[in-house]
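*Asks:* no FASTA, just this:
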């Protein structure tokens, strides 16, 4: 180092550092949401999930029109046709086009999932938020109530309600299914939101801004809300597959949508009969789509969680 | 500690009471009454039936009678099966369901955390990918589909596995596995993330700095702590297993309580639905209680925190 | 003096998303027998990485050794296998960490944690191990040791936990103790107790200590030698007296000026060092302290100064030591 340097006196003059910003940060600074998106994009599985979800939503709208058959049109001459060029997914035991029925089913399953998640979200945020900012006693009572509701098995209540709200021998309406699922489904969200609110209410940085004279609504808007958003987003993403799963299970137990409407769950239930007589495709096709939906939302939710986790920031 | 236990016991009783009340209210809010839908019967027979089931009394009185019967362990009569009571069916079906559930839980508890730990220890290497593929299949494929697939592709081709029914050890394998897969996957995923977090903790570094074997660091220090969140979801897991058993028993034709429950739903056998639901709720709340105590015994920090209150 | 540890030209890097971070960039120092060497610097200057390198506790990957060797009793630790290292860790070299609240396993009884290493290294029986654990807790002045070994870490206060950590580290009579900011997380009153405890144990057990700290106040009365690190390099090292009285490097001067002293006037401002150390994912070409140095010269920006020896034990890395530098330049300190 020293050896190959040619020393000249001017090198030892005081350095001119006027152009130097001492506090500049050399590492490129990254904004929060773009960074979340960047890291989400790096997660191939999550991106696959997102792509599949978008594709399935698109197909739920246009897929039902592609084959030219309706979901209720019966053709008894073409019963139990295995998948071929005419009927891409075959036909069911009443000769209805499975392709159209599957996309109708996907439409209902997705709609039920999304709407149930949205209702859970609204109730959960309201209830959890109120509990979180209320006095300790109100909070304690609200949480005990939520705990009791939560320890009642979710699907048991859904089953009971569907039994009560539907006519004998018939299926449920979408409204009944969603109502039944929202009745207990909001609790995890409420617990999550309450926990976040409490944690953030006590945490040091909102304390810091309170000591700087910030109002409660300012704290809520600037600190609590942005920091709660991440976990909530993840929870919503993971609530959707849970609701779809619950609906599919109900459908499979014979409590699903009223025929001739169909969800993927009722399609699988109908297909179970076909299994015994060699028409396995009737259950396998809806099964694949249920699994794909579950897969997509779960990996997307996981990916979001990882992308939002500041500890995993590289 | 005993104060906490008492409090916890009280909450459990409140939960059971809430389930009973909700169930009772729901079942009695069904429009009409259960015997109207049956084929025309002489008014005298109809009146007779109503009074036999106590349905001629006002609803609040019915509620009190029902609660009283429950306290004596009487879950009520079945409306459709005139010979068997709900208690008979529980006695017949529950042991089968319990065995199925216990086996599934065992599979999930043994393999879930093991897979999750392996995945965390070999993060981003082959064991991680393998475990996570299994876990993703587990959470994506609902048990009724897994059950169907197992029957179609395994039971039909491998003579060792019967296609359905109940009786021998072989009968239990496929349904237990189908039932176990989802909780196994959930536990594996939870264990993986919990393990990754624990492995970054200072006390793991302390353990390593003592120069003890890697296996001791992992088992005594990492797994011991990482498994705590897995234990805390055992309650939910048991609840999911219970509901999963409805589906699995239907597919595999297993004569368990779940199948009675599903049948009671399609038969609209309200007293049976009510009795079974309440029985399930009691079992479940008891399990949650046990899990809570187990958690308290395993995590020394909980004991003190709860005692302090 | 007999050397226990010799670090030669050690360079450690981390692979990250943004590229390689050169956390330690060629450092050399020695620790003699029964000597206490303090490694001083701000957070992020490579102190802890150095400590963890000696113990080989760095997560690899992302960390990797780029260069150098670490000689412990003449043997290079960097070429040892994991099995061989296990026999050294906790046995011949022990370590204490910064935060006693997180460095003990919350689900294992304290007594068991203390003797775990001893059982592995010396194959002690359960009964003897228990006796030894009680003895050690007594030695680190934890009251009621018989009762305490049956308790869990959450039943201990911060200071008590750090005593437990010391007991845990000392139980195998190590030749070298690495204390990574052992008092940073503790109350000021407890800090002094812990340091005194370490000093007294050192005299009793004839061991060497590497004390890692950012607090020069701690250094003055505990250590024999001081190594000042900045941005992954050593900028000055020498005997404690030399560092405090014949301070050579502007960074050391600033560090010293930022320590509160009892003899300070009440209106005398405590100096803080403006700015932050450079991010080591693009290490500066010249002197790393250039940006924050009051006495920086033109040469400093792009040329790395070498070491100048002020005495047999004292050296610093600064262009001000060059004969051509005008010594009266710069006001500041």
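*Replies:* Structure's in. What do you need? Fair warning: this is a prediction, and the values are worked out from it, not measured in the lab. Numbering: from 1, shown residues only, chains lettered A, B, ... in the order given.

*Asks:* Now do the same contact list for the closest residue to residue C:38 other than its chain neighbours.
*Replies:* Excluding the flanking residues, the one nearest residue C:38 by CB to CB, 6 or more residues apart in numbering or on different chains is residue C:223, at 3.8 Å. All C-beta spots, glycine's among them, are computed from the backbone N, C-alpha and C. Residue C:223 makes contact with C:36, C:37, C:38, C:209, C:211, C:240, according to CB atoms under 8 Å, 6 or more residues apart in numbering or on different chains.

*Asks:* Which of the residues you listed fall in strands?
*Replies:* Counting by DSSP state E, the part of the contacts of residue C:223 found in strands is C:36, C:37, C:38, C:209, C:211.

*Asks:* Tell me the pLDDT of the fourth one.
*Replies:* The model reports residue C:209 with a pLDDT of 89.

*Asks:* give me the element whichever residue of the stretch 51-200 of chain A sits closest to chain B is part of.
*Replies:* Among the residues of the stretch 51-200 of chain A, residue A:155 lies closest to chain B, at 4.2 Å counting by CB to the nearest CB. With elements taken from DSSP states H and E, the one containing residue A:155 is helix A:154-165.

*Asks:* contacting residues around that helix?
*Replies:* With CB under 8 Å, 6+ apart, helix A:154-165 has contacts from A:172, A:176-177, A:179-181, A:183-185, A:246, A:249-250, A:253, A:255, B:22-23, B:26-27, B:29-30, B:239, B:242-243, B:265, B:268, B:273, B:277, B:280-281.

*Asks:* Nearest the geometric middle of chain C, what residue?
*Replies:* residue C:212 (2.0 Å; CA atoms, centre = their mean).

*Asks:* mean confidence for stretch B:270-278?
*Replies:* 84.

*Asks:* I misspoke; the intended subject was stretch C:214-234.
*Replies:* 84.

*Asks:* next one: stretch A:257-266
*Replies:* 76.

*Asks:* and residue B:219, what pLDDT?
*Replies:* Residue B:219 is given a pLDDT of 87.

*Asks:* Let me know the average pLDDT across the helix or strand just after the helix holding residue A:155.
*Replies:* Note on helix A:154-165: by DSSP H and E, the next helix or strand toward the C-terminus is helix A:174-202. The average pLDDT for helix A:174-202 rounds to 80.

*Asks:* relative to helix A:154-165, how tilted is helix A:174-202?
*Replies:* Helix A:174-202 and helix A:154-165 are oriented at 140 degrees to each other (axes from the mean of the first three to the mean of the last three CA atoms, to 10 degrees).

*Asks:* before we move on, the earlier item: for PyMOL, what selects the buried ones among the contacts of helix A:154-165?
*Replies:* A single PyMOL command selects the buried members of those (16 or more other CB atoms under 10 Å in any protein chain shown):
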select buried, (chain A and resi 172+176+177+179+180+181+183+184+185+246+249+250+253+255) or (chain B and resi 22+23+26+27+239+242+243+265+268+273+277+280+281)
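
*Asks:* Report how many residues lie close to residue C:115.
*Replies:* 27 (other CB atoms under 10 Å in any protein chain shown).

*Asks:* rewinding a little: and the residue of the stretch 51-200 of chain A closest to chain B, how many neighbours does it have?
*Replies:* Neighbours of residue A:155 using other CB under 10 Å come to 22.

*Asks:* distance of it from residue B:167?
*Replies:* Using CB to CB, to the nearest Å, we find residue A:155 at a distance of 28 Å from residue B:167.

*Asks:* The longest helix belonging to chain C packs against which elements?
*Replies:* Ranked by number of residues, the top helix in chain C under DSSP state H is helix C:188-205. On a contact count with 3 or more CB pairs under 8 Å, 6 or more residues apart in numbering or on different chains; DSSP states H and E, helix C:188-205 meets helix C:158-170, strand C:176-180.

*Asks:* Report whether the last one contacts chain B.
*Replies:* No: where contact is defined by CB under 8 Å from any CB of the partner chain, no part of strand C:176-180 touches chain B; the two come within 8.6 Å at best.

*Asks:* Walk me through which strands that strand pairs with, and which way each runs.
*Replies:* strand C:93-96 (parallel), strand C:208-213 (parallel) (DSSP bridges).

*Asks:* Out of those strands, indicate the one that is most buried.
*Replies:* A comparison of the strands paired with strand C:176-180 by mean neighbour count, using mean count of other CB atoms under 10 Å in any protein chain shown, puts strand C:93-96 on top with a mean of 28.

*Asks:* tell me the two of the contacts of residue C:223 that are most distant?
*Replies:* Spatial extent of the contacts of residue C:223 (CB to CB) is set by the pair C:209 and C:240 at 13.0 Å.

*Asks:* before we move on, the earlier item: please report phi then psi for the residue nearest to residue C:38.
*Replies:* phi -110, psi 160 (degrees, to the nearest 10).

*Asks:* Next: the one 10 residues further on.
*Replies:* Residue C:233 has phi and psi values of phi -120, psi 160 when expressed as degrees, to the nearest 10.

*Asks:* was I right about it contacting residue C:22?
*Replies:* No: Residue C:233 is not in contact with residue C:22 according to CB atoms under 8 Å; the separation is 9.6 Å.

*Asks:* Just the element for the residue lying closest to residue B:232 once chain neighbours are set aside, please.
*Replies:* Closest residue to residue B:232 apart from its sequence neighbours, by CB to CB, 6+ apart: residue B:295 at 5.9 Å. Element membership for residue B:295 (DSSP H and E) is helix B:270-298.

*Asks:* what's the answer for residue B:119, then?
*Replies:* helix B:86-121.

*Asks:* That helix near chain A anywhere?
*Replies:* No: remark: helix B:86-121 sits outside contact range of chain A, by CB under 8 Å from any CB, the gap being at least 12.8 Å.

*Asks:* what helices or strands is that helix leaning on?
*Replies:* Looks like helix B:86-121 contacts helix B:126-140, helix B:169-199, helix B:224-232, helix B:234-252, helix B:257-267, helix B:270-298 (3+ CB pairs under 8 Å, 6+ apart).

*Asks:* Please identify the most buried of those.
*Replies:* helix B:234-252 (a mean of 24).

*Asks:* so what secondary structure elements neighbour it?
*Replies:* Packing contacts for helix B:234-252, counted by 3+ CB pairs under 8 Å, 6+ apart, involve helix A:154-165, helix A:225-252, helix B:86-121, helix B:143-149, helix B:169-199, helix B:257-267, helix B:270-298.

*Asks:* do that again at 6 Å, thanks
*Replies:* Secondary-structure packing of helix B:234-252 (3 or more CB pairs under 6 Å, 6 or more residues apart in numbering or on different chains; DSSP states H and E): helix B:86-121, helix B:143-149, helix B:169-199, helix B:257-267, helix B:270-298.

*Asks:* In contact with residue 136, which residues are there?
*Replies:* Just so you know, I chose chain A. The contact partners of residue A:136, by CB atoms under 6 Å, 6 or more residues apart in numbering or on different chains, come to none.

*Asks:* I was thinking of chain C, sorry if that wasn't clear
*Replies:* With contact set as CB under 6 Å, 6+ apart, residue C:136 has these partners: C:167, C:171.

*Asks:* quick one: the strand or helix carrying it to helix C:158-170, angle?
*Replies:* Assigned by DSSP H and E, residue C:136 falls within helix C:126-139. Here the directions of helix C:126-139 and helix C:158-170 differ by 130 degrees (the same axes, to 10 degrees).

*Asks:* Next SSE downstream of helix C:126-139?
*Replies:* Downstream of helix C:126-139, the first helix or strand assigned by DSSP H and E is helix C:145-148.

*Asks:* so where do the strands sit in the stretch 201-314 of chain A?
*Replies:* Using DSSP state E, counting those that start in this stretch, the strands of the stretch 201-314 of chain A do not appear at all; there are none.
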